[in-house]
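Novice: Let me see the structure of the following:
(3 chains)
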Amino acid sequence: MSSSTPEVLTAAVLTVSDSSARGERTDLSGPAVAQALKQHNFSIIATEIVPDEEPAIKQAIQRLTKAARLVVTTGGTGIAERDVTPEATRAVCDRLLEGVAERMRIAGEKTTSFAALSRAVCGTCGQSIVLNVPGSPRGSVEALQAVIDLMPHALDLLRGKTRHD
Amino acid sequence: MSSSTPEVLTAAVLTVSDSSARGERTDLSGPAVAQALKQHNFSIIATEIVPDEEPAIKQAIQRLTKAARLVVTTGGTGIAERDVTPEATRAVCDRLLEGVAERMRIAGEKTTSFAALSRAVCGTCGQSIVLNVPGSPRGSVEALQAVIDLMPHALDLLRGKTRHD
Amino acid sequence: MSSSTPEVLTAAVLTVSDSSARGERTDLSGPAVAQALKQHNFSIIATEIVPDEEPAIKQAIQRLTKAARLVVTTGGTGIAERDVTPEATRAVCDRLLEGVAERMRIAGEKTTSFAALSRAVCGTCGQSIVLNVPGSPRGSVEALQAVIDLMPHALDLLRGKTRHD
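Specialist: Sure thing, here's the model as predicted:
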């Protein structure tokens, strides 16, 4: 199993933020997510910043999933009008993994009850996985940490390494 | 933050019940929900009763969300044939907040394992929130209590008061 | 209530597995699920095996729900390309019971964190219920045990035995 003898897996980080895309705000969450991914043996092959626009997010996810097995988006998962990352993700994913989003919410509630308001989703896009995490540096890493252990096995399954047990 | 210096928010209660709409059963849940909302600093601007008919529920939700920031429906969330409140709510809401429904179910299971059968949803409708709770007086208040602390912050976010933390 | 004076309810077990359908693998999960259902006072009226093909699964579910109140499928709930049981189930069900799938995932995580990757759903199909459980003998029975206590009451509600409490 990949979890006992980990291989290096490719990942990309997509920061979704109007202010960071305009250069008005330093993106702290993207680098924090990238750092956490490296600690879990992922190799970061791309980091990008897009504004909170559904077409831009969709295009970036589709492009990044062609190059990386795991694409983590940070930002745009709340309920404000400009938060459209979950919509973009649903639109380009083949299948949603409800249990992954559920686990992030339940883990997040240990830090803040407002985690229940997150609309973050996780889905498959070809043989890659797209994972939404919140936009704050702390919240993004906490959400990632809650589910990162699932990813190597999930990516194996997507590539056809099935086993029945 | 609104949760530390609470402002008065408007709410409406919609009882969904064939027997109460016909006047054959006294509506106990609607008043119980209204009472609980008042205790959490909401001002009740309307209470209505409609039968378990999807068009009537949809019209009432759409009308009430124009006047109140929070619309709580009680009843029609089960799995019997006449239970159509979730369908009506999904049809008129812009976005669903899965984590809110999830929290009501998980909290409800502490009282009865049958809470897992609830199909209640929560969603946004413009700058208002629609929340389904069960039809029983006790169940309706318990479900509301499980998530009411989220509502002032969620309503702030919907009105554009975003902050990143 | 049916849970205190249990009546015998009809159930069918549908094993979804390419290898078992081809006769290359002995189906252990189907008999394990059937055994667990009998222990909970269900009468098994049919057991079938179909390959991981959406049309075959849909046809089997539709046929079996005409004869049995509860149809439990085992297999095809993962994220591999051939796993299509949830898609077939969603396509033929009238309503999904999200809380039932959620409870299976959360219970499953006590055994393996990979339970969060299960895409199993539960839904109503007329007056019957369709429940997806995983394909492994152990996982299938554990998932079933996590929610079987809900089924007699849910089936009562579907048949119109409503009560308000």
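
Novice: Can you name the residues that contact the residue in chain A that chain B sits nearest to?
Specialist: At 3.8 Å from chain B, residue A:116 is the closest residue in chain A, using Cβ to the nearest Cβ. (Glycine included, C-beta is placed from N, CA and C.) Each residue near residue A:116 by Cβ atoms under 8 Å, 6 or more residues apart in numbering or on different chains is listed here: A:105, A:109, B:97, B:99, B:100, B:102, B:103, B:147, B:150.

Novice: redo that, cut-off 10 Å
Specialist: A:105-106, A:108-109, B:97-104, B:122, B:146-147, B:149-150, B:154 (Cβ atoms under 10 Å, 6 or more residues apart in numbering or on different chains).

Novice: Around chain C, pick out the residues from chain A.
Specialist: A:3, A:94-104, A:106, A:122-124, A:126-127, A:129, A:146-147, A:149-151, A:153-165 (Cβ under 10 Å from any Cβ of the partner chain).

Novice: Now the buried members of these.
Specialist: A:95-104, A:106, A:122-124, A:129, A:146-147, A:150-151, A:153-158 (16 or more other Cβ atoms under 10 Å in any protein chain shown).

Novice: So what does residue A:48 look like in phi/psi?
Specialist: Phi and psi for residue A:48, reported as degrees, to the nearest 10, are phi -140, psi 160.

Novice: who's in contact with it?
Specialist: Per Cβ under 10 Å, 6+ apart, neighbours of residue A:48: A:12-16, A:21, A:30, A:56, A:60-61, A:63-64, A:71, A:73.

Novice: Could you export the residues you listed as a markdown table, including pLDDT?
Specialist: Formatted as a markdown table, the contacts of residue A:48 follow (pLDDT from 0 to 100):
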| residue | pLDDT |
| --- | --- |
| A:12 | 98 |
| A:13 | 98 |
| A:14 | 98 |
| A:15 | 98 |
| A:16 | 98 |
| A:21 | 96 |
| A:30 | 98 |
| A:56 | 98 |
| A:60 | 98 |
| A:61 | 98 |
| A:63 | 98 |
| A:64 | 98 |
| A:71 | 98 |
| A:73 | 98 |
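
Novice: Turn these into a markdown table, including distance to residue A:50.
Specialist: Compiled in a markdown table, these are given as follows (distance: Cβ to Cβ, whole Å):
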| residue | distance to residue A:50 |
| --- | --- |
| A:12 | 12 |
| A:13 | 12 |
| A:14 | 7 |
| A:15 | 7 |
| A:16 | 6 |
| A:21 | 6 |
| A:30 | 11 |
| A:56 | 4 |
| A:60 | 5 |
| A:61 | 9 |
| A:63 | 11 |
| A:64 | 10 |
| A:71 | 12 |
| A:73 | 9 |
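
Novice: Find me the pLDDT at the nearest residue to residue A:111 once chain neighbours are set aside, would you?
Specialist: Of all residues beyond its chain neighbours, the one nearest residue A:111 is residue A:142 (6.1 Å), with distances taken as Cβ to Cβ, 6 or more residues apart in numbering or on different chains. You'll see residue A:142 listed with a pLDDT of 97.

Novice: And residue A:146, by the same measure?
Specialist: For residue A:146, pLDDT reads 97.

Novice: Tell me which of the residues of chain A next to chain C fall in helices.
Specialist: By the criterion of DSSP state H, membership of these in helices covers A:98-104, A:106, A:146-147, A:151, A:153-158.

Novice: Any residue of the lengthiest helix in chain A touching chain B?
Specialist: Counting residues, the longest helix found in chain A (DSSP H) is helix A:54-67. No: residues of helix A:54-67 contacting chain B under Cβ under 10 Å from any Cβ: none, with a closest distance of 13.0 Å.

Novice: From the residues of chain A next to chain C, list the ones also adjacent to chain B.
Specialist: A:98, A:101, A:102, A:104, A:106.

Novice: show me where pLDDT drops low in chain A?
Specialist: A:1-6, A:162-165 (pLDDT under 70).

Novice: Now for the closest residue to residue A:61 other than its chain neighbours: which residues touch it?
Specialist: Leaving aside its sequence neighbours, residue A:61 sits nearest to residue A:92 (Cβ to Cβ, 6+ apart; 5.2 Å). The neighbourhood of residue A:92, defined by Cβ under 10 Å, 6+ apart, consists of A:57, A:58, A:59, A:60, A:61, A:62, A:65, A:71, A:123, A:125, A:126, A:130.

Novice: and the gap between the nearest residue to the second one once chain neighbours are set aside and residue A:158?
Specialist: In this case it means residue A:58. Distances taken as Cβ to Cβ, 6+ apart put residue A:88 closest to residue A:58, at 4.6 Å, once the chain neighbours are dropped. Distance, residue A:88 to residue A:158, by Cβ to Cβ, to the nearest Å: 20 Å.

Novice: Next: residue A:139.
Specialist: Residue A:139 is 26 Å from residue A:158, by Cβ to Cβ.

Novice: What of residue A:121?
Specialist: Distance from residue A:121 to residue A:158, by Cβ to Cβ: 16 Å.

Novice: Grab the CA positions of the strand or helix carrying residue A:32 and hand them over as PDB.
Specialist: Per DSSP states H and E: residue A:32 is located in helix A:29-39. Extracted C-alpha coordinates of helix A:29-39, given in PDB (Å, rounded to 0.1, in the frame of the first residue of the first chain):
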ATOM      1  CA  SER A  29      -2.600  30.500   2.300                       C
ATOM      2  CA  GLY A  30      -1.200  29.100  -0.900                       C
ATOM      3  CA  PRO A  31       2.400  28.800   0.400                       C
ATOM      4  CA  ALA A  32       1.100  27.400   3.700                       C
ATOM      5  CA  VAL A  33      -0.900  24.700   1.800                       C
ATOM      6  CA  ALA A  34       2.100  24.000  -0.400                       C
ATOM      7  CA  GLN A  35       4.300  23.600   2.700                       C
ATOM      8  CA  ALA A  36       1.900  21.200   4.300                       C
ATOM      9  CA  LEU A  37       1.700  19.100   1.100                       C
ATOM     10  CA  LYS A  38       5.500  18.800   1.000                       C
ATOM     11  CA  GLN A  39       5.500  17.500   4.500                       C
END
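
Novice: and residue A:42, what are its bridge partners?
Specialist: residue A:9 (DSSP bridges).

Novice: residues near it, how many?
Specialist: For residue A:42, the neighbour count with other Cβ atoms under 10 Å in any protein chain shown is 24.

Novice: I'd like to know how far it sits from chain C.
Specialist: To chain C, residue A:42 is 18 Å away according to Cβ to the nearest Cβ, to the nearest Å.

Novice: That residue touches residue A:36, doesn't it?
Specialist: Yes: using Cβ atoms under 10 Å, residue A:42 makes contact with residue A:36 at a distance of 8.9 Å.

Novice: what touches both of those two?
Specialist: A:13, A:72, A:148.

Novice: got the contact list for the residue nearest to the last one when sequence neighbours are not counted?
Specialist: Setting aside the residues directly before and after it, residue A:148 is nearest to residue A:40 in space (Cβ to Cβ, 6+ apart), at 5.0 Å. Residue A:40 makes contacts with A:6, A:9, A:11, A:70, A:144, A:145, A:148, A:149, A:151, A:152, as judged by Cβ under 10 Å, 6+ apart.
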